[in-house]
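Colleague: No letters, just coordinates:
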């Protein structure tokens with residue numbers, strides 16, 4: 001999954017507008033630096049920063065990052081050096097050089113915790129991990145880092161646009177982690193390692209309870225418990241599934257599994273389900289019926 005682009009922070013536009021006047025004069029220099037490392041050449045902060053802006057406008061992000069770094073190297077105590085740190089991270093992010101971007105963002109956050117753009121720095125760091133979320137069949141270290149970083153944005157800056165966007169992305173991230181546990185759980189189930197499978201499916205139910213994988217995980221728990229002959233536990237998993245997802249195909253599968261095992265799914269309200277309300281009797285009757293056939297007494 002990826003994000004095609006993110007806008008430059010609005011507060012930077014004021015700083016960047018100062019450099020625009022120099023762009024025309026420096027345009028001829030835009031293609032000069034092709035070396036892997038930028039050779040030292042003493043220049044004014046105005047020249048260096050303006051050149052970085054030229055490269056950024058041309059989407060030559062690697063070159064832009066070098067010049068933003070050069071601002072800090074030659075003029076470390078200037079006001080522009082602070083912004084250049086963040087702009088360098090931004091350029092590295094767009095070059096998919098995420099480790100380089102995170103290194104600069106960590107330094108920016110540590111040195112400038114009260115900066116006006118600190119919320120954006122945390123958000124951009126989260127995006128660096130988010131962009132590296134891999135297929136569920138691969139290691140999910142970056143996904144877990146993305147989850148932690150997004151949660152940090154939400155905790156620190158809940159009312160900002162970054163906090164609101166992080167909430168959307170954290171749901172997708174949690175769903176991805178749940179999918180990983182489901183993939184491992186299915187493998188254990190297929191190889192008859194039922195206890196290992198149960199542990200994975202329980203993680204999905206208990207840790208990722210708001211994701212789309214919960215109905216299947218409850219059904220898989222029913223399957224695993226049934227295979228082990230733990231019929232009470234199997235009934236509880238089926239009951240939770242029927243209570244929360246009565247119209248789910250997974251509940252229909254669990255009901256058929258219970259029927260084929262020569263028993264009925266009874267209304268058991270486990271601890272993970274809220275206390276029954278005034279319609280508990282009706283809910284119990286509903287759970288005891290085949291899915292989609294509430295009036296069928298069969």
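Modeller: Here it is on my side, so go on. Fair warning: this is a prediction, and the values are worked out from it, not measured in the lab.

Colleague: domain ranges for this protein?
Modeller: 1-125, 177-265+279-287 (automatic domain parsing).

Colleague: Include mean neighbour count, mean pLDDT and distance to residue 170 when you put those into JSON lines, please.
Modeller: Where C-beta positions appear, they are placed from N, C-alpha and C, glycine not excepted. Shown next, in JSON lines, are the domains of the chain (neighbours: other CB atoms under 10 Å; pLDDT from 0 to 100; distance: least, CB to CB, whole Å):
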{"stretch": "domain 1-125", "mean neighbour count": "17", "mean pLDDT": "75", "distance to residue 170": "12"}
{"stretch": "domain 177-265+279-287", "mean neighbour count": "19", "mean pLDDT": "85", "distance to residue 170": "10"}
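
Colleague: Quick check: which element contains the residue sitting nearest the centre point of the chain?
Modeller: Geometric centre of the chain, nearest residue: residue 173, 3.1 Å, by CA atoms, centre = their mean. Here residue 173, judged by DSSP states H and E, is contained in helix 161-190.

Colleague: So which elements touch that helix?
Modeller: Other helices and strands packing on helix 161-190, by 3 or more CB pairs under 8 Å, 6 or more residues apart in numbering; DSSP states H and E, are helix 118-130, helix 141-156, helix 194-207, helix 214-228.

Colleague: Can I get those helices in a markdown table including distance to residue 166?
Modeller: Shown next, in a markdown table, are the helices and strands packed on helix 161-190 (distance: least, CB to CB, whole Å):
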| stretch | distance to residue 166 |
| --- | --- |
| helix 118-130 | 6 |
| helix 141-156 | 4 |
| helix 194-207 | 19 |
| helix 214-228 | 22 |
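
Colleague: Backbone dihedrals for residue 132, please?
Modeller: With angles defined as degrees, to the nearest 10, residue 132 sits at phi -100, psi 10.

Colleague: Tell me how many other residues crowd residue 164.
Modeller: Counted with other CB atoms under 10 Å, residues neighbouring residue 164 total 13.

Colleague: what's the answer for residue 135, then?
Modeller: Other residues within reach of residue 135, judged by other CB under 10 Å, total 11.

Colleague: Let me see the backbone angles for it.
Modeller: Main-chain torsions, residue 135, degrees, to the nearest 10: phi -50, psi 150.

Colleague: now it: how far from residue 179?
Modeller: To residue 179, residue 135 is 10 Å away according to CB to CB, to the nearest Å.

Colleague: now do residue 129
Modeller: Distance of residue 129 to residue 179, given as CB to CB: 17 Å.

Colleague: To residue 154, which of the domains of the chain lies closest?
Modeller: Between residue 154 and these, the shortest separation by CB to CB is 9.9 Å, and it involves domain 1-125.

Colleague: Can you say which of the domains of the chain is nearest to residue 140?
Modeller: Distance to residue 140, taken as CB to CB, is lowest for domain 177-265+279-287 among the domains of the chain, at 5.1 Å.

Colleague: hmm, back to that, so which of the helices and strands packed on helix 161-190 is nearest residue 244?
Modeller: Comparing these under CB to CB, the one sitting nearest is helix 214-228, at 7.7 Å.

Colleague: who's in contact with that closest one?
Modeller: Contacts of helix 214-228 with the rest of the structure, by CB atoms under 8 Å, 6 or more residues apart in numbering, involve 178, 182, 185-186, 189, 192, 194-195, 197-198, 201-202, 204-205, 208, 231, 233-234, 237-238, 240-241, 244-245, 248, 250-251, 253-254, 257-258, 261.

Colleague: got a list of what residue 107 touches?
Modeller: Listed by CB under 8 Å, 6+ apart, the contact set of residue 107 reads residue 85.

Colleague: at 10 Å instead, please
Modeller: For residue 107, the contact set (CB atoms under 10 Å, 6 or more residues apart in numbering) comprises 72, 85, 89, 121.

Colleague: For residue 143, see how far away the last one is.
Modeller: Same thing as residue 121. For residue 121, the distance to residue 143 equals 21 Å [CB to CB].

Colleague: for residue 163, same thing?
Modeller: 20 Å.

Colleague: out of these two, which sits in the busier spot?
Modeller: Neighbour tally, residue 163 and residue 143, criterion other CB under 10 Å: the higher count belongs to residue 143, 23 against 18.

Colleague: was I right about residue 205 contacting residue 245?
Modeller: No: taking contacts as CB atoms under 10 Å, residue 205 lies outside contact range of residue 245: 11.9 Å.
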